[in-house]
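Undergrad: Take this sequence and fold it.
(2 chains)
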Amino acid sequence: VSKPGTTKPVDLSLRGEEILFPALPYRMQDRVRRAVDDVELMEAVEEATLLKDLGRRRIFADDFGSQYEKLRQLAGRIKQHTLDHLAHYLDQFIDRATEAGVQVHFAGDGEQANAICLEIAQRHSCRTCVKSKSMVTEETHLLPVLQAAGIETFETDLGEFILQIDGDAPSHIVTPMIHKDRRAVARAFERELGARYTEDPEQLTRIARGFLRSKYQEADLGITGANFLVADSGSLVLCTNEGNGRFCTTAPPVHIAFAGIEKLVPTAEHLGVLLKLLARSSTAQPLTIYTQILTGPRRAEEHDGPEEMHIILVDNGRSTILADPQFREALRCIRCGACLNTCPVYRKISGHSYGAVYSGPIGAVITPLLRGLGNYKDLPFASSLCGACYQACPVKIDLPRLLVRLRHRMVTSGKSGLIEKQVFRAYTASMARTWTYRLAGWFQRRFLRWRAGGDGFVHKAPGPMRGWTDVRDLPAPAPRSFRKWWKRHHR
Amino acid sequence: MKVSLFVTCLTDTFYPRVGQAVVRILEHLGCSVDFPRGQTCCGQPMFNTGYHAEAAALARRMVRVFEKSEHVVTPSGSCCAMIHDYYGELLGDDPRYADRAQRLISKSHEFIQFLVHTLKVDLRELGCRWPNDGSTAPTTYHYSCHLRGIGVSDEAVQLLQQIEGVEYIPLERMDQCCGFGGTFAVKYPEISGAMVEDKVARIAESGARVVVCNDGGCAMNIHGACNRRGVNVQVRHLAEIIAEGLGLMEPLTAEGEVKR
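TA: Purely as a prediction, here's the structure:
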């Protein structure tokens, strides 16, 4: 197979590190520009997200029809109730999980979580770790910590594995390598694994599988995330489609799970509702192929499973969101990625433009909350507030409303521009009286009609309107306003 | 039925013909229409940019201006959504305005919503025919985003399909945002530009000569982008088409418009 010389290599100038952990405060402009100019990237992301979004809509329409709205309302209420009584459910979970033989830890921040994990690994002299996909470990930045301590760690989710060997970073909550095409994968496999160059997805999967099989056998530590924690049984729920989560939790003698504290649900009955929604929302499946409910480590009569099971409950900024009634509902998120797939902005700029672990609409909300609004000033504004995300969210997080609240917080905490503030004050003042409104309208009409070309459009507008005419024309106002017509012709 | 028109600031300045069409249709259907002269802007641009105190001042003004109205009808989905989705939150803590805001919310309607759900209009029964020379006009429809918030789905498509002479062509990605988003269009021209480019490409592909868009902001965005890219289509509000189809308004005759 020959290598196509015309394809554009992935941008390796940004190593995985900087992609998700850029210098702060983060300005998204450069990456946005690069993303919208990268036609191949945009087409790949667009195609994949459109397909997923369509799949999601179809499966909900087919399976639930008009009941879907009620279902997601219920799911939203379940998650909200759990958050409203989180201390109670956390206590219950810790008690039940401990009874089942799990060692439960609590980490206030990412660093603590990593330290707890490392301590356990070192206590068992672990050398090789297999890891299934987990966003919270991206958030705590776990991998570099393990690698630095000499614990060789392998991502086993195919997408994450590819990103790992290519020094890249996930750009989507569920489909981490949505921004990569198979040519990039082929090159990485050839370079890093010494494999023969092939672009055939099946062959590529085979190569990865062969490589990872041996690692599962060697591994003395398995690390996973958690999709849900069930409070009344102390169970950990994992959803994967490749079965890699199962390997990570059965073969190695030690299993450590990282779980955000918001992952709780009260009972198995509630879990059922959320599982129905998670798989359909993220991958348009009725259920994820491997849905594991793990309650405690291996019991005496069982053949497989770890001898020791640890769950690290990670806060890392979540309790601040929990304590904030304006934003608490953001913690309902079950990380299905539906809001990313449906978002017209995400489709254009892709995940790395958000400069953080979580991208898309939910990322634009929680990243500033988790990592500081001053550090991510651009994110709340990088949305047209179209509301597609709210409509797609299976737990009914009102994302546009939360984005607007963040914008409001920018203004009230003095993080917005001084000029902008004056402009909006003047704008409001002109709208506050009928005569100033009419006067402003008169000026606007005169000015824009004077600037307009013969086609009735302004091609180049000055000042703050320049952004508009950079990419499209501006229709000029009509010669006379509606209110003038009303006055003359109607009454 | 007594109806107050909330024309919105954009329609007042940029698309006065839409306001005229709305007035004529409502009167044709037997409503008595008034236009409270004190109306200005609903406060959405300020609110969406985070200036909530400023937006609240304008929201209070809106409440006062339409206090005596029985029904408030607006040809803009997004201004209607501003009232429906956010006035409660904005004025909820103001003891003098909280209840009055709720009253405004419950009596405000987007124009198409009002036609279909309140007046239960069937354009076939009314003999709506457009254009008037018997030819058909390939027409597509952009679903503007804020209709989602107020629970409007395919009402405009239903109405379009009831108009004789309109050859309705569904638009690919009909409900994908056109990239307007108010200040977003100016703050993020790269993203907004890529989004509207997508919309224009779908419109061009559709072969339609007319794009129906029932929101002033989206119309300006789509119209401006079509013009920049040389895609020759009319961008019209459904009210204009209905008014022309019912013979309540002279059809447009400017160059580049549909021949009649």
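Undergrad: ok, A:Ala188 - how many residues close by?
TA: A count of nearby residues for A:Ala188, using other CB atoms under 10 Å in any protein chain shown, gives 23. Where you see a C-beta, it was placed from the backbone N, CA and C, and this is true even at glycine.
Undergrad: Ok, A:His489 next?
TA: 9.
Undergrad: so A:Phe154 sits in a strand?
TA: Yes: assessed by DSSP: H, G, I helix; E, B strand; the rest coil, A:Phe154 belongs to a strand.
Undergrad: so it sits right up against A:Lys131, yeah?
TA: Yes: contact criterion CB atoms under 8 Å: A:Phe154 and A:Lys131 qualify, at 6.6 Å.
Undergrad: what about stretch A:235-244, distance to the chain center?
TA: Distance of stretch A:235-244 from its chain centroid, counting by CA atoms, centre = their mean, to the nearest Å, is 18 Å.
Undergrad: And it, what's buried?
TA: Across stretch A:235-244, burial judged by 16 or more other CB atoms under 10 Å in any protein chain shown covers A:Ser235, A:Leu236, A:Val237, A:Leu238, A:Cys239, A:Thr240, A:Asn241, A:Glu242, A:Asn244.
Undergrad: Just the ones in helices from those residues, please.
TA: A:Asn244 (DSSP state H).
Undergrad: Just name the closest of the buried residues of stretch A:235-244 to B:Lys120, please.
TA: A:Cys239 (46.8 Å; CB to CB).
Undergrad: List the contacts of that closest one.
TA: A:Asn227, A:Gly245, A:Leu275, A:Leu278, A:Ala279, A:Thr288, A:Tyr290, A:Thr291, A:Gln292 (CB atoms under 8 Å, 6 or more residues apart in numbering or on different chains).
Undergrad: between those residues, which is closest to chain B?
TA: Nearest to chain B among these is A:Leu278, at 22.8 Å by CB to the nearest CB.
Undergrad: number of nearby residues for that closest one?
TA: A:Leu278: 28 neighbours (other CB under 10 Å).
Undergrad: Pretty sure it sits against A:Ile334.
TA: Yes: look at A:Leu278 against A:Ile334 with CB under 8 Å: they come within range, at 5.4 Å.
Undergrad: Need the overlap of contacts for the two.
TA: Shared contacts of A:Leu278 and A:Ile334, counting by CB under 8 Å, 6+ apart, come down to A:Asn227, A:Pro394.
Undergrad: picking that back up, want to try a markdown table for the buried residues of stretch A:235-244, with pLDDT and distance to A:Asp37 as columns?
TA: Listed next are the buried residues of stretch A:235-244 as a markdown table, based on pLDDT from 0 to 100; distance: CB to CB, whole Å:
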| residue | pLDDT | distance to A:Asp37 |
| --- | --- | --- |
| A:Ser235 | 98 | 47 |
| A:Leu236 | 98 | 43 |
| A:Val237 | 98 | 41 |
| A:Leu238 | 97 | 39 |
| A:Cys239 | 96 | 36 |
| A:Thr240 | 94 | 35 |
| A:Asn241 | 93 | 33 |
| A:Glu242 | 92 | 33 |
| A:Asn244 | 93 | 35 |
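Undergrad: Could you identify the most distant pair in the buried residues of stretch A:235-244?
TA: Checking the buried residues of stretch A:235-244 with CB to CB, the most distant pair is A:Ser235 and A:Glu242, at 21.4 Å.
Undergrad: what about the longest helix in the chain?
TA: Answering for chain A, as no chain was given. helix A:39-64.
Undergrad: Correction: the question concerned chain B.
TA: From DSSP H, the single longest helix across chain B is helix B:189-206.
Undergrad: can you give me how far that helix is from the chain middle?
TA: On CA atoms, centre = their mean, the centre of helix B:189-206 falls 20 Å from the chain's centre.
Undergrad: How about residues contacting that helix?
TA: Contacts for helix B:189-206 (CB under 8 Å, 6+ apart): A:32-33, A:36, A:42, A:344-345, A:348-349, A:382, A:384, A:467-468, A:470-472, B:138, B:140, B:142, B:169-173, B:176-181, B:184-185, B:211, B:221-222, B:225-226, B:229, B:231, B:233.
Undergrad: Please repeat the previous calculation with a cut-off of 7 Å.
TA: Contact with helix B:189-206 is made by A:32-33, A:36, A:344-345, A:348-349, A:382, A:467, A:470-472, B:140, B:142, B:169, B:171-173, B:176-179, B:181, B:184-185, B:211, B:221-222, B:225-226, B:229, B:231, B:233, as judged by CB atoms under 7 Å, 6 or more residues apart in numbering or on different chains.
Undergrad: Pull out the buried residues from these.
TA: A:32, A:36, A:344-345, A:348-349, A:382, A:467, A:471-472, B:140, B:142, B:169, B:171, B:173, B:176-179, B:181, B:184-185, B:211, B:221-222, B:225-226, B:229, B:233.
Undergrad: So which of those sit within helices?
TA: Reading helices off the buried ones among the contacts of helix B:189-206 with DSSP H, I get A:32, A:36, A:344-345, A:348-349, A:467, A:471, B:184-185, B:221-222, B:225-226.
Undergrad: Which residues are in contact with the residue most central in space within chain A?
TA: Nearest residue to the geometric centre of chain A (CA atoms, centre = their mean): A:Tyr358, 3.6 Å. Neighbouring residues of A:Tyr358 by CB under 7 Å, 6+ apart: A:Ile173, A:Ile366, A:Thr367.
Undergrad: Restrict those to the buried ones and give me that as a ChimeraX selection.
TA: Buried residues within the contacts of A:Tyr358, by 16+ other CB under 10 Å, are selected in ChimeraX with:
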select /A:173,366,367
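Undergrad: Chain B: which of the contacts of A:Tyr358 is nearest?
TA: Chain B lies nearest to A:Thr367 out of the contacts of A:Tyr358, by CB to the nearest CB, at 16.7 Å.
Undergrad: That closest one: which element?
TA: Using DSSP states H and E, the secondary-structure element containing A:Thr367 is helix A:360-371.
Undergrad: Which SSE is immediately downstream of that helix?
TA: Next element after helix A:360-371 (DSSP H and E): helix A:388-392.
Undergrad: helices and strands around the helix or strand just after that next one, which ones?
TA: Downstream of helix A:388-392, the first helix or strand assigned by DSSP H and E is helix A:399-412. In terms of contacts (3 or more CB pairs under 7 Å, 6 or more residues apart in numbering or on different chains; DSSP states H and E), helix A:399-412 is packed against helix A:360-371, helix A:388-392, helix B:44-49.
Undergrad: Please name every helix or strand in contact with the helix or strand of chain B with the lowest mean pLDDT.
TA: Least confident helix or strand of chain B, by mean pLDDT, DSSP states H and E, is helix B:146-149 with a mean of 87. The contact analysis (3+ CB pairs under 7 Å, 6+ apart) places helix B:146-149 against helix B:77-81.
Undergrad: Dump the helix it packs on to CSV, keeping only the CA atoms.
TA: Presented in CSV, the C-alpha positions along helix B:77-81 are these (Å, rounded to 0.1, in the frame of the first residue of the first chain):
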residue,chain,number,x,y,z
GLY,B,77,-39.5,33.9,17.1
SER,B,78,-36.4,35.0,19.0
CYS,B,79,-37.9,38.1,20.6
CYS,B,80,-40.9,36.0,21.6
ALA,B,81,-38.6,33.4,23.1
